[in-house]
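Asker: from the sequence below, what's the structure:
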Amino acid sequence: MSFDELYGSPGPDDERSPSSASQGLAVHEPAPESSGELEAVLAAFTERARAYRAQVARGGAMPASQAQNWEAMNRALDGFLARPVKGTDARDVLRARSVLEAELEQDGRTYGDMPGALAEAVVLRVGRLAVRMAELRRLEHPAETDGLPRLAWPLAPVSITSLFGQRWHPILGESRRHLGVDLAAQQGQVIYTAEKGVVLRAGWNGDHGNQVEVQHAGRWVTRYSHLSRVLVEPGEILERGDALGLAGETGLATGVHLHFELWRDGQALDPLDALGGDEESPVEGPPMARGHVLADPATHQGRRPPGQRP
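Answerer: Okay, here's the model as predicted:
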């Protein structure tokens with residue numbers, strides 16, 4: 001069986017028959033098994049990538065063969081991620097993300113340039129794998145995420161460009177802890193509050209540029225940074241999904257994006273553990289790094305602009 005056949009969209013034969021649960025019997029779904037097919041695809045991709053790098057002097061252009069290798073890997077991952085969350089093994093997700101990040105770093109050190117669209121596509125898959133891992137944690141280890149809020153995504157469509165944790169800072173040139181997630185956005189794209197709360201801060205905050213900080217029930221705080229414009233004021237009460245600002249690149253930023261943080265009692269947490277939920281996916285279909293720009297959202301301060309919902 002090919003990888004595409006295994007991880008493609010389920011066909012009519014894949015529909016589940018009526019469950020015995022409907023007959024009053026308990027059903028225990030078997031735990032998903034790690035995919036040997038995925039392991040083989042990842043190993044073949046890595047082997048080809050290393051062979052192509054060996055043929056190019058450091059600083060040389062990425063060969064078309066390696067670009068095609070990446071594109072094939074991306075297609076395979078799209079098939080893998082199209083499978084239901086409950087049918088996914090966490091080991092596959094971790095392995096795939098590890099391979100993508102390692103090979104992307106090696107290509108960055110080897111080649112003088114990597115096609116921008118290709119690099120963006122790879123980063124997009126890394127972000128989707130991170131989202132899948134967060135979904136699996138909620139399913140397989142509910143105690144670890146018990147008590148976390150269920151937040152709505154602050155923009156749509158969703159494209160994660162940088163994850164929570166240690167990373168190499170692109171401007172400062174040093175390893176620093178990244179205290180949130182970065183979401184791709186367009187200049188002026190409307191940013192929404194992830195949950196009902198009261199605005200604690202709204203304005204300039206150093207490296208964060210224009211930032212809005214919202215206090216939620218249970219001492220949870222969300223922060224929205226690098227905004228081009230702030231649409232709310234301190235003390236204002238916002239409902240889930242209210243517009244609070246416009247995306248930009250103010251402060252210490254390499255480009256237009258939203259830096260989103262989740263805090264509780266002075267501790268930063270991975271927002272992916274709280275964003276979305278089993279009943280609320282980030283977007284319909286594969287996330288894309290595109291959004292909608294509102295002509296004059298300032299007239300809807302603290303409210304949902306017509307037709308604009310995350």
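
Asker: can we go C-alpha only for contacts and neighbour counts from here?
Answerer: Will do.

Asker: quick one: buried residues of the helix or strand hosting Leu42?
Answerer: Assigned by DSSP states H and E, Leu42 falls within helix 36-54. Buried residues in helix 36-54, counting neighbours by 16 or more other CA atoms under 10 Å, are found at Leu38, Val41, Leu42, Phe45, Thr46, Ala49, Tyr52, Arg53.

Asker: with stretch 260-280 instead?
Answerer: Using 16+ other CA under 10 Å as the burial criterion, the residues of stretch 260-280 that qualify are 260-263, 268-277.

Asker: okay, and for the stretch 201-310 of the chain, where does confidence drop off?
Answerer: The model of the stretch 201-310 of the chain has pLDDT under 70 over residues 276-310.

Asker: go again with 90.
Answerer: Applying pLDDT under 90 to the stretch 201-310 of the chain picks out residues 218, 252-255, 265-266, 269-270, 272-310.

Asker: follow-up on the earlier one: tell me the two of the buried residues of stretch 260-280 that are most distant?
Answerer: The most widely separated members of the buried residues of stretch 260-280 are Ala268 and Gly277, with 19.6 Å between them, by CA to CA.

Asker: now what about the longest strand along the chain, what contacts it?
Answerer: The strand spanning the most residues in the chain, taking DSSP state E as the definition, is strand 220-230. Residues outside strand 220-230 that contact it (CA atoms under 8 Å, 6 or more residues apart in numbering) are 149, 187-188, 194, 202-203, 208-216, 244-253, 256-265.

Asker: can you turn the buried part of the residues you listed into a ChimeraX selection?
Answerer: To isolate the buried members of the contacts of strand 220-230 in ChimeraX, using 16+ other CA under 10 Å:
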select :149,187,188,194,202,203,208,209,210,211,212,213,214,215,216,244,245,246,247,248,249,250,251,253,256,257,258,259,260,261,262,263
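
Asker: would you turn the buried residues of stretch 260-280 into CSV with distance to Leu136?
Answerer: Converted to CSV, these look like this (distance: CA to CA, whole Å):
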residue, distance to Leu136
Phe260, 21
Glu261, 21
Leu262, 20
Trp263, 22
Ala268, 21
Leu269, 17
Asp270, 14
Pro271, 15
Leu272, 11
Asp273, 10
Ala274, 12
Leu275, 13
Gly276, 13
Gly277, 11
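
Asker: ranges for the strands of the stretch 51-200 of the chain?
Answerer: Assigned by DSSP state E, counting those that start in this stretch, the strands in the stretch 51-200 of the chain fall at 60-61, 111-113, 160-162, 165-168, 175-178, 181-184, 190-192, 197-204.

Asker: the first one - contacts with which helices or strands?
Answerer: Translated: strand 60-61. For strand 60-61, the elements it packs on are strand 111-113, judged by 3 or more CA pairs under 8 Å, 6 or more residues apart in numbering; DSSP states H and E.

Asker: residues near the closest residue to Gly108 other than its chain neighbours, how many?
Answerer: Spatial nearest neighbour of Gly108, chain neighbours left out: Met114 (7.2 Å); criterion: CA to CA, 6 or more residues apart in numbering. A count of nearby residues for Met114, using other CA atoms under 10 Å, gives 17.

Asker: and Met114, what does it touch?
Answerer: By CA under 8 Å, 6+ apart, Met114 lies in contact with Ala61, Met62, Asp107, Gly108.

Asker: just the buried residues of these.
Answerer: Of the contacts of Met114, these count as buried by 16+ other CA under 10 Å: Met62, Asp107, Gly108.

Asker: just the ones in helices from these, please.
Answerer: Counted as lying in helices by DSSP state H, out of the buried ones among the contacts of Met114, are Asp107, Gly108.

Asker: just the buried ones among the contacts of Met114 now: which is nearest Asn74?
Answerer: Asn74 has its nearest neighbour among those in Asp107, at 15.5 Å by CA to CA.
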